[in-house]
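>>> no FASTA, just this:
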């Protein structure tokens, strides 16, 4: 009677006492001792089979609990992965009219915009850093090849950039953020994972009762097993709630980390752009310094040439002065000689006149 009360407490969840049912009933001729031994053996066999069935059932529950934990972990990872911003590629077109584009392309990485000149045509058209050039005047660029074909790709793009007319339509590929996924979808996915895991735990048929479940009869369990399953179900629900809260917290942390990473990437891009423009400014200053140095060298060479010409002219002037001085001396000597000859001529004239007078006197 005591075992009957305990078995009836389990209601329909308690399996039939097959061990007792298979014990042959004692005949009226059998002794009371023989009947008691047979009933004891039947109860012992039933208890052993029941213990084995419960142990198998507990093992299956443990395995299904592990599977439920894996399902919850997978749903949590999916929720964290979908919490971050998603990106998609879109095509944007710009029409360049001026000759100078005002941008710098990194052809080694597939014609990616490495820098935009402040105040240039590209900045006015809102071309962004990291945009990738994919078509020129509607003609797509070839895909970025491996290292062997990279020089040919760079030469082809450079040639097309040099020979393209103005105005020209350039097409760029731009990565845009589509935003994080809907939190309700994450919650539904986590809920489905928890339901699936709890179904694995709660919808288990004991190994010893598979035949009973296949025939359509209700599974029977003892009261202790039912209480254990209920407690385990409550623990699983609590763990699922904790896992869901942890997944939400990790999703919030992931979103914050992604936003921080995006801000850091933007700052890094600004730093790269500033460094690129600083490098270009330094190169421009170096070119200007080189041009100034060449002009200074040319001016120095011109000055030296003019100095040599001045020295040559000065030497020629000194030589001319010396020649003039010599000619002046010669002229002075000739002038003195002329004066001397003139004096002699005057004396000769006087003597001639004197002789003429004397001859006239003699004639008279």
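It's in. Computed from a predicted structure; not experimentally measured.

>>> CA only for contacts and neighbour counts going forward, please
OK.

>>> Quick one: list the elements packing against the one helix or strand residue 261 maps to.
Assigned by DSSP states H and E, residue 261 falls within helix 223-363. Packing contacts for helix 223-363, counted by 3 or more C-alpha pairs under 8 Å, 6 or more residues apart in numbering; DSSP states H and E, involve helix 32-83, strand 112-116, helix 183-202.

>>> make it 7 Å
If you count contacts as 3 or more C-alpha pairs under 7 Å, 6 or more residues apart in numbering; DSSP states H and E, helix 223-363 packs onto helix 32-83.

>>> next structured bit after the helix it packs on?
Next helix or strand after helix 32-83 toward the C-terminus (DSSP H and E): strand 86-96.

>>> any residues touching that next one, and which ones?
Residues from elsewhere that reach strand 86-96 (C-alpha atoms under 7 Å, 6 or more residues apart in numbering): 125, 166-180.

>>> Now which of those residues would you call buried?
For those, a neighbour count by 16 or more other C-alpha atoms under 10 Å gives the buried set as 168-174.

>>> report the angle between the axes of the helix holding residue 261 and strand 112-116?
60 degrees (axes from the mean of the first three to the mean of the last three C-alpha atoms, to 10 degrees).

>>> so is residue 99 in a helix, a strand, or just coil?
coil (DSSP: H, G, I helix; E, B strand; the rest coil).

>>> got the contact list for it?
By C-alpha under 7 Å, 6+ apart, the contact list for residue 99 reads residue 166.

>>> Kindly list the main-chain dihedrals of it?
The phi and psi values for residue 99, taken as degrees, to the nearest 10, are phi -70, psi -40.

>>> Could I get the pLDDT score of it?
If you check residue 99, the pLDDT there is 88.

>>> for the stretch 151-300 of the chain, which spans come out with low pLDDT?
Counting by pLDDT under 70, the ranges of the stretch 151-300 of the chain that qualify are 179-226.

>>> any idea how far residue 101 lies from residue 168?
In this view, residue 101 and residue 168 are 10 Å apart by C-alpha to C-alpha, to the nearest Å.

>>> for residue 315, same thing?
Distance, residue 315 to residue 168, by C-alpha to C-alpha: 66 Å.

>>> Correct me if wrong: residue 134 contacts residue 141.
Yes. Taking contacts as C-alpha atoms under 7 Å, residue 134 lies within contact range of residue 141: 5.4 Å.

>>> So between these two, which is more surrounded?
More neighbours surround residue 134 than the other of residue 134 and residue 141, with 21 against 17 (other C-alpha atoms under 10 Å).

>>> Would you mind pulling up the elements that the helix or strand that contains that one packs against?
Per DSSP H and E, residue 134 falls inside strand 132-136. Contacts defined by 3+ C-alpha pairs under 7 Å, 6+ apart place strand 132-136 against strand 112-116, strand 168-179.

>>> Does the last one pack against any helices or strands, and if so which?
By that I understand strand 168-179. Helices and strands touching strand 168-179, by 3+ C-alpha pairs under 7 Å, 6+ apart, are strand 86-96, strand 132-136.

>>> Return the list of strands paired to it, each annotated with direction.
Neighbouring strands of strand 168-179 in its sheet, by DSSP bridges, are strand 86-96 (antiparallel), strand 132-136 (antiparallel).

>>> quick one: which of these has the weakest pLDDT on average?
Comparing mean pLDDT across the strands paired with strand 168-179, the weakest is strand 86-96, with a mean of 88.

>>> Could you identify the helix or strand that succeeds that strand?
Remark: after strand 86-96, the chain's next helix or strand is strand 103-106, criterion DSSP H and E.

>>> Thanks a lot, catch you later.
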